[in-house]
Structures are given as C-alpha cells and as structure tokens.
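Peer 1: quick one, structure for this:
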Amino acid sequence: MLKLLIMLTFTALTVFGQKNTVPKEMILVNGGIYTPLYVNDTTSQNVEVKPFLLDKYAVTNRDFLEFVKAVPKWKRSSVNKLFADENYLSFWKADFEIGENVNPNAPVVNVSWFAAKAYAEWKGKRLPTVAEWEIAAQADSKSKEGYMNQEFVNLILKWYSVPSSKNLPEVGSTYKNYYGLYDMHGLIWEWTSDFFNALVSGESRGDNGINRNLFCGNGSVGATDYKNYPAFMRFALRSSLKANYTTANLGFRCARDIK
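Peer 2: Down below sits the predicted model:
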C-alpha cells in the first residue's frame, strides 16, 4: 500500500511538473513515429519524434506586428531582399500598420522562412520540423491517427483544391484536432524548419543531393504511401519553395522543446 501511494504521488508530481512547462498558448504533442513520404539508402523509414510543444494557433498579424516593432530590421521597408522577396508583408498598409482591410487576428502570410525563423527565435521558440508538423497534423478531431479516416483526408483534399480567400479568416476558425491544435488544415500552409530537405536524396555523387526523379510522372514510385495524396501535395509545395519566398497563403506556427 505504501509503495502504491509513493508511485501515485510521484506520478502526480510528474504530471504537475509537465503541465507547468506548457505555456497557455502551446499544446503538448506526444510525438511518435513519422514515416517520410520518400526514403532512400541514407534515411530511415521510421523517424522517432520526441514529445514537443506546438503553438495552438498560427502566428497572427497582430503577433507579427509586435515582432517587427521590436525588431525593426524585419519591417517591410527595411528587410534585406536576400531574406524576403518583394511580396513580403505586401498586404499590410505600412511598416507598422496592418490596415483596416486585414484582420489582425488572421494568420500572418507573405512572410519568408527567414522571417518566420527570426520571429520564433525572438519568442524563445523555433519552427517545427517536417516530422513534428506531420505528426501533429495527421490527427483529426477524434484520433491522432486521423489519416486512417477517409472523410478527414477528403476534407483536406477539398481545401487544397480551393483557392485561398484574399481576406483570410481569423485563427481558430476551422477545427480543433485531437491534440487541441487549431487550423492545421483548412486555413494556410505552414513553414517548417527543414522544408528544404524535401528533395535531398543523400547521393551527392549523382545529382548534387537533389532527387530530380521525383518530378517525373512516376514520382509516386518509391513513396512509402502512394495513396497519401495530401502528403504528396505538401511535398510538392515544400519542394518548390526557397527560404526567401513569400506567398499569400503561407504562414507559420512555432514549436519548442520540452524543458
């Protein structure tokens, strides 16, 4: 009986301590095993993802305005063009003014990977890896294995097939998944820290590390799950990006290691 009491006390303290490490704006994602869409002789088919924290919502215009005010080198008129293209924050009215036609609580878009990374570091966070983002995003509202639910997959594909609205809705407007994360699908595309690894083959002697066969008509050959159409579409998007690119439907959310 005493042993059981000690074990229960230890468990309670562990859970309490863990809750104290989770900021109110973030969600604990338990991690798991991520299977990349493509693997080769130098990569593993099973990638272990440790538990991590992920923002409940995508970063908003209001959030990003606070950042550029604090770090003016990231304002629209001052940003180095090596780090953001000409469309960077182009929908804002001015450097420090979002404008009346843009919802401050909508996700910020037209931000480059460099800008997203700088924001995350300013917040004491980081961008999620592809593996972390995919683990978190595969959950539907009832299960962390949402990709087993064809209805959920169909909803994602339906969103991918519709052009993004010029005036994006505010964060939290689509759905909350199993973990408590909002808008992982249905609102914007999101940057990941290692998006540029999408085409790395690991064979530097053959093609400079870029697996160009994946652009061919038989690109699904060799895929770990050729029926996972949403993953193919995300793979295609990530593969088309450069770190200074900005688009009207690409934003981000932040992650953090568990302390």
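
Peer 1: just the helices from the stretch 101-250 of the chain, written as ranges.
Peer 2: Using DSSP state H, counting those that start in this stretch, the helices of the stretch 101-250 of the chain run over 113-122, 130-137, 150-160, 204-207, 229-240.

Peer 1: can you put those in TSV and add mean pLDDT and distance to residue 255?
Peer 2: C-beta coordinates here come from the backbone N, C-alpha and C atoms, glycine included. What follows is the helices of the stretch 101-250 of the chain, written out as TSV (pLDDT from 0 to 100; distance: least, CB to CB, whole Å):
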stretch	mean pLDDT	distance to residue 255
helix 113-122	98	8
helix 130-137	92	6
helix 150-160	83	21
helix 204-207	34	29
helix 229-240	71	16
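
Peer 1: which one of those is the most hemmed in?
Peer 2: Highest mean neighbour count of these: helix 130-137, a mean of 23 (counted as mean count of other CB atoms under 10 Å).

Peer 1: mind giving me the packing neighbours of that helix?
Peer 2: Under the contact criterion of 3 or more CB pairs under 8 Å, 6 or more residues apart in numbering; DSSP states H and E, helix 130-137 touches strand 26-29, strand 32-34, strand 47-49, strand 52-55, helix 229-240.

Peer 1: for the first one, name the packing helices and strands.
Peer 2: Here strand 26-29 is seen to pack against strand 52-55, helix 130-137 when contacts are counted using 3+ CB pairs under 8 Å, 6+ apart.

Peer 1: strand partners (parallel or antiparallel) of it?
Peer 2: Sheet pairing of strand 26-29 (DSSP bridges) gives strand 52-55 (antiparallel).
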